[in-house]
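Visitor: predicted model follows, preceded by the sequence.
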Amino acid sequence: MEEEIRLMKGNEAIAHAAIRYGADGYFGYPITPQSEVLETLAELRPWETTGMTVLQAESEVAAINMVYGGAATGKAVMTSSSSPGVSLKQEGISYLAASELPALILNVMRGGPGLGTIQPSQADYFQAVKGGGHGDYHLIVLAPATVQEMTDFVALGFDLAFKYRTPAMILADGIVGQMMEKVVLPPQRPRRTDEEIRQQCPWATTGKGTRKHRNVVTSLELDSALMEKNNERFQETYKRIAENEVRYQEYFTDDAEYLIVAFGSVARICLKAIEDARAAGLKIGMIRPITLWPFPTARIAELGKQVKGILTVELNAGQMIEDVRLAVAGSTPVEHFGRMGGIVPNPNEVIDALKNKLSVNL
Amino acid sequence: MKEEIIIAGFGGQGVLSMGKILAYAGLMDNLEVTWMPSYGPEQRGGTANVTVILSDAPISSPVLDTYDTAVVLNQQSLDKFESKVKPGGTLIYDPSGIHHLPSRTDITVIPVDAMGASIELKNSKTYNMILLGALLAARNIVPVDAVLRGLKKTLPERHHHLLPLNEQALHKGMSLVK
């Protein structure tokens, strides 16, 4: 398959991108608002073309453990779900992190807590960037704002996961999952051969072959001294990721007097508000973290010294605001505006929040 | 060029697919497009709506609170979206089942009897294409040709025999707008 321009939903784009990346397996269980991922894969029947396995598991827990098994053999495997389903997967995600396995997890967030609603939300920020499961670990967390980024972050997520041997998450929301946009699909990449996996993943359980030892994948280490060593190695990996993989996009920050920090589709709603505010002569800028972990702490700290105030806009009660406040360390006031439970603010509400929370004069 | 459109009505009236065909037409015309549906319980029997934005520049927010053009197909949607049309904008509505007529004078209000026209065409499924034709006649957003090319691309081949009927419905809709 060649590069191709199409109109499709973010969820559909994930499915196309996974096949075109040359992914080996998808394991999932349907839940709104991301069921189109599994539906599209079933429709495209990649097992007949690339040989990719697509399986509807009996539950989210089963699906993440199938990912655990597939990842242990060095295969490029993924799962997707929405908030309540991602909660169910947390044990498996912690095991993946502890076993230093690459995998890709998509969360198309919906309003919580509990079963909540099926409408868009960003209330799983803490869960995604602060761990989620038990133990000291991080995921690489990518926050797409467009259907194109939904597509591109499949390859990026897999590549980073394999580069650092750690699970990566695409943290999307119902808007970017359900909306259709123009998208450029990448050309088809071949799936890696068993021999390539053996060479690129010397840690994988690919059979002993000519190796002297057997590879064992486990998260269990009952000797605390060794378990501490393991943790030190994990932290070393996270340090390298934090040094090398921070990604963000800036909008109108050159002359900004006030700054919005927003991620995912909410950043687009804010951008419209900024366009309107700029038309009225107000110097508002925005930084959109693309990696939520690692967080663009250093850049936000710099911008904090430049601006008179920062507003975070999130579909939650105020989660990312904590990382923004840590970044600026009191150098400038940081306020939050958010809607919860599946309600999406419109650009005017963002302008009102700038007025009311930061006393910006319009 | 930038056109921000809301299409709203009952689930089953072809609201989402009308938006989709329009978005495809935009794609055919090399425009940037976003199609943002209301998804969820209201889709299943209640009201459904979709926001479609066509622009020659990258589109920021797919979520809006005011629109250049509204196409409303029932009273609830008219009540909800009449006030959301920008001054100078366009409101297209199907008068069948409408008890409280739109009252704004600062926008162009166009009644389109798509229900009647679809009965004339002896196919109720042409309803949304008639409205799309009316929209294209009222607002010169994309050429009819782009809509037809978009339709051809999105319709599975087994439905291609319906293309002439859809073209007829588009022109019927256009003829209803003076």
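Guide: On my side now, so go ahead. Predicted model only: the values in this text are computed from it and were never measured.
Visitor: contacting residues around residue 79?
Guide: Let's take chain A. A:26-28, A:60, A:63-64, A:66-67, A:89, A:103-106 (C-beta atoms under 8 Å, 6 or more residues apart in numbering or on different chains). Where you see a C-beta, it was placed from the backbone N, CA and C, and this is true even at glycine.
Visitor: the chain in question should be chain B.
Guide: B:His100.
Visitor: buried sites along the one helix or strand it maps to?
Guide: Here B:Asp79, judged by DSSP states H and E, is contained in helix B:75-81. For helix B:75-81, the neighbour count (16 or more other C-beta atoms under 10 Å in any protein chain shown) marks B:Ser77, B:Leu78, B:Lys80, B:Phe81 as buried.
Visitor: what's downstream of it, the next helix or strand?
Guide: Next along the chain from helix B:75-81, counting by DSSP H and E, comes strand B:85-93.
Visitor: quick check, that following strand touching chain A?
Guide: No - using C-beta under 8 Å from any C-beta of the partner chain, strand B:85-93 stays clear of chain A, with a minimum separation of 12.5 Å.
Visitor: name the helices or strands packed onto that strand?
Guide: strand B:67-72, strand B:108-111, helix B:127-138 (3 or more C-beta pairs under 8 Å, 6 or more residues apart in numbering or on different chains; DSSP states H and E).
Visitor: I'd like the ones you listed laid out as CSV, including distance to chain A and mean neighbour count.
Guide: As requested, the helices and strands packed on strand B:85-93 are exported to CSV (distance: least, C-beta to the nearest C-beta, whole Å; neighbours: other C-beta atoms under 10 Å in any protein chain shown):
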stretch, distance to chain A, mean neighbour count
strand B:67-72, 11, 26
strand B:108-111, 23, 16
helix B:127-138, 16, 26
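Visitor: turn the ones you listed into TSV, columns for mean pLDDT.
Guide: Shown next, in TSV, are the helices and strands packed on strand B:85-93 (pLDDT from 0 to 100):
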stretch	mean pLDDT
strand B:67-72	98
strand B:108-111	98
helix B:127-138	97
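Visitor: possible to save the ones you listed as TSV with distance to A:Ile310?
Guide: Listed next are the helices and strands packed on strand B:85-93 as TSV, based on distance: least, C-beta to C-beta, whole Å:
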stretch	distance to A:Ile310
strand B:67-72	31
strand B:108-111	42
helix B:127-138	42
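Visitor: what residue ranges in the stretch 251-362 of chain A score low on pLDDT?
Guide: Low-confidence segments of the stretch 251-362 of chain A (pLDDT under 70): A:362.
Visitor: now the strands for it?
Guide: Applying DSSP state E, counting those that start in this stretch to the stretch 251-362 of chain A gives strands spanning A:258-261, A:284-289, A:291-293, A:309-314, A:334-338.
Visitor: looking at these, spot the one closest to chain B.
Guide: Closest to chain B of these is strand A:284-289 (C-beta to the nearest C-beta; 10.4 Å).
Visitor: show me what that closest one is packed up against.
Guide: By 3+ C-beta pairs under 8 Å, 6+ apart, strand A:284-289 packs against strand A:248-251, strand A:258-261, helix A:265-279, helix A:297-306.
Visitor: Throw the ones you listed into JSON lines and include distance to chain B, thanks.
Guide: Below are the helices and strands packed on strand A:284-289 laid out as JSON lines (distance: least, C-beta to the nearest C-beta, whole Å):
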{"stretch": "strand A:248-251", "distance to chain B": "9"}
{"stretch": "strand A:258-261", "distance to chain B": "12"}
{"stretch": "helix A:265-279", "distance to chain B": "4"}
{"stretch": "helix A:297-306", "distance to chain B": "20"}
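Visitor: among those, which is the most enclosed?
Guide: Ranked by average neighbour count under the criterion mean count of other C-beta atoms under 10 Å in any protein chain shown, the helices and strands packed on strand A:284-289 are headed by strand A:258-261 at a mean of 26.
Visitor: that one pairs with which strands?
Guide: Strand A:258-261 has its sheet partners listed here by DSSP bridges as strand A:284-289 (parallel), strand A:309-314 (parallel).
Visitor: okay, which residue is most central for chain A?
Guide: A:Ile170 (2.4 Å; C-alpha atoms, centre = their mean).
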